[in-house]
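Enquirer: Following is a predicted model, sequence given first.
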Amino acid sequence: MNHEGFLPDAETRLTQVRAEIACSGTWSPTTEEAIFGARVAWRNSVRCVGRMFWPSLKVFDARDLSAPGEIFEAIRVHVSWSTNGGDLRPALTLFRPGEPRIRILNAQLILYAGYVRQDGSVLGDPKNIPITRLAQRLGWRGEGTAFDPLPVIIRIGDAPPTLHEFPRSEILEVPIRHPDTDRLDRLGLRWFALPAVSGMALDMGGVQFTAAPSSGVYQGTEIGSVNLGDPRRYNKLATVADALGLDVGRSNPLWRDQAMVELNRAVLHGFAEAGVRIMDHHALSESFEKFRRREGAAGREAHGHWPWLVPPLSSNLAAHWHDPTLKKIILKPGYFYQSVPELDEAASAGCPHAASATEPAC
């Protein structure tokens, strides 16, 4: 912090922190320090391609809250502020560290349920089968559609987890619409506007903030290529190809590629038509290169985990695809994955389709 000019009198502050640690075994960042630390943690996130915007992160300091109900109300404030009617703004809400630990068991604040049918097929998102099963064990019942928003599940220490549902009106969802035809529109595909990672811990100055949900802006391919297109997720490429009348015969082995491009076009068009901020993978890759140049000018090296930074569509068109100097070097402050025993139990409950419930940190 000091070498970046954040603390004008670093020695005085370090003396205070050392005294606090000697007395209590830990220390508590000021709100200003917490804001700076959360932003730098985003800057350090090697799996995030959208780090150019790290200085704009809004941090809500909610460390005074402890009850599940009031924690969820703070989450609602976060989602409302960050959604901003579609003009998305990056934000993080910081809940208190220490015991009893606050945990948000969902990988993201907004997720779609995944239901296993009797024949083994999945309705909804196969990735979210474990969290769906946990919610059902706790008494939740969805509408049984392919796009049912899950409740937020909060656990405090060893207390039983509690369910908290957003009013549907508070979740901004975007219909996926193709720019050239309405045949794809009839499939009823949709996605939620706000990506909000909630299962990771913020490690800052040796303090573990086990509940620090953060939200940003989607890269279009996260929805089109991964969430909707991936065979292990919604697996919609064949459906899209059929709707668009693409030749899926042996003479056209690239029909999946065609369907993937058209699905991604529909995602970008749907978001644009709905007035919801999103970035295409070319623009975001270019912004990452700009971020790297800015970091270099500031005397810092920007690190990155290559497989997470290259887009899943036209990957070699991103400049960092070709860069052998990009290194996966983990710095702190940073965001780190946490295990969720309840989801491990749900995933091992006999479902062959169960998958990890974690999302990339961005």
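Expert: Noted; the coordinates are in hand. Residues are numbered from 1 along each chain as shown.
Enquirer: quick one, strands of this protein?
Expert: With DSSP state E as the criterion, the chain has strands at 58-62, 91-95, 102-104, 114-116, 122-124, 152-156, 162-164, 173-175, 190-192, 196-197, 201-204, 207-209, 214-215, 334-336.
Enquirer: what's the average pLDDT for the first one?
Expert: Averaging pLDDT along strand 58-62 gives 98.
Enquirer: Paired strands for it, with orientation please.
Expert: strand 91-95 (parallel) (DSSP bridges).
Enquirer: Hey, what's the angle from the strand it pairs with to strand 152-156? Just curious.
Expert: 30 degrees (axes from the mean of the first three to the mean of the last three Cα atoms, to 10 degrees).
Enquirer: Show me the contact partners of strand 91-95.
Expert: Strand 91-95 is contacted from outside by 34, 38, 42, 57-63, 65, 71, 74-75, 77-78, 81-82, 102, 202, 209-215, using Cβ atoms under 8 Å, 6 or more residues apart in numbering. Quick note: C-beta positions are derived from backbone N, CA and C, even for glycine.
Enquirer: Apply 7 Å and report the result again.
Expert: 34, 38, 57-63, 65, 71, 74-75, 78, 81-82, 102, 209, 211-215 (Cβ atoms under 7 Å, 6 or more residues apart in numbering).
Enquirer: remind me, longest helix of this protein?
Expert: helix 255-274 (DSSP state H).
Enquirer: Take it, keep the C-alpha atoms, and write them as CSV.
Expert: Extracted C-alpha coordinates of helix 255-274, given in CSV (Å, rounded to 0.1, in the frame of the first residue of the first chain):
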residue,chain,number,x,y,z
TRP,A,255,-22.2,-27.1,-37.9
ARG,A,256,-21.5,-26.8,-34.1
ASP,A,257,-19.1,-24.0,-34.8
GLN,A,258,-21.8,-22.2,-36.9
ALA,A,259,-24.4,-22.7,-34.1
MET,A,260,-21.9,-21.5,-31.5
VAL,A,261,-21.2,-18.3,-33.4
GLU,A,262,-24.9,-17.6,-34.0
LEU,A,263,-25.7,-18.3,-30.3
ASN,A,264,-23.1,-15.8,-29.3
ARG,A,265,-24.4,-13.3,-31.7
ALA,A,266,-27.9,-13.8,-30.1
VAL,A,267,-26.5,-13.3,-26.6
LEU,A,268,-24.9,-10.0,-27.6
HIS,A,269,-27.9,-8.9,-29.5
GLY,A,270,-30.3,-9.8,-26.7
PHE,A,271,-28.3,-7.9,-24.1
ALA,A,272,-28.0,-4.9,-26.4
GLU,A,273,-31.7,-4.9,-27.2
ALA,A,274,-32.5,-5.1,-23.4
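Enquirer: thinking again about what came up before, in CSV, list the strands of the chain along with distance to residue 260.
Expert: Formatted as CSV, the strands of the chain follow (distance: least, Cβ to Cβ, whole Å):
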stretch, distance to residue 260
strand 58-62, 34
strand 91-95, 31
strand 102-104, 32
strand 114-116, 22
strand 122-124, 20
strand 152-156, 32
strand 162-164, 36
strand 173-175, 19
strand 190-192, 15
strand 196-197, 25
strand 201-204, 34
strand 207-209, 38
strand 214-215, 26
strand 334-336, 29
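Enquirer: Kindly write the ChimeraX command that selects the buried subset of the contacts of strand 91-95.
Expert: Here is the ChimeraX command that selects the buried residues among the contacts of strand 91-95 (16 or more other Cβ atoms under 10 Å):
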select :34,38,57,58,59,60,61,62,63,65,71,74,75,78,82,102,209,211,212,213,214,215
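Enquirer: Apart from its neighbours in sequence, what residue is nearest residue 150?
Expert: residue 111 (4.8 Å; Cβ to Cβ, 6 or more residues apart in numbering).
Enquirer: I figured the one you found was touching residue 128, is that so?
Expert: Yes - between residue 111 and residue 128 there is a contact under Cβ atoms under 7 Å: 5.2 Å.
Enquirer: shared neighbours, those two?
Expert: In contact with both residue 111 and residue 128: residue 150, using Cβ under 7 Å, 6+ apart.
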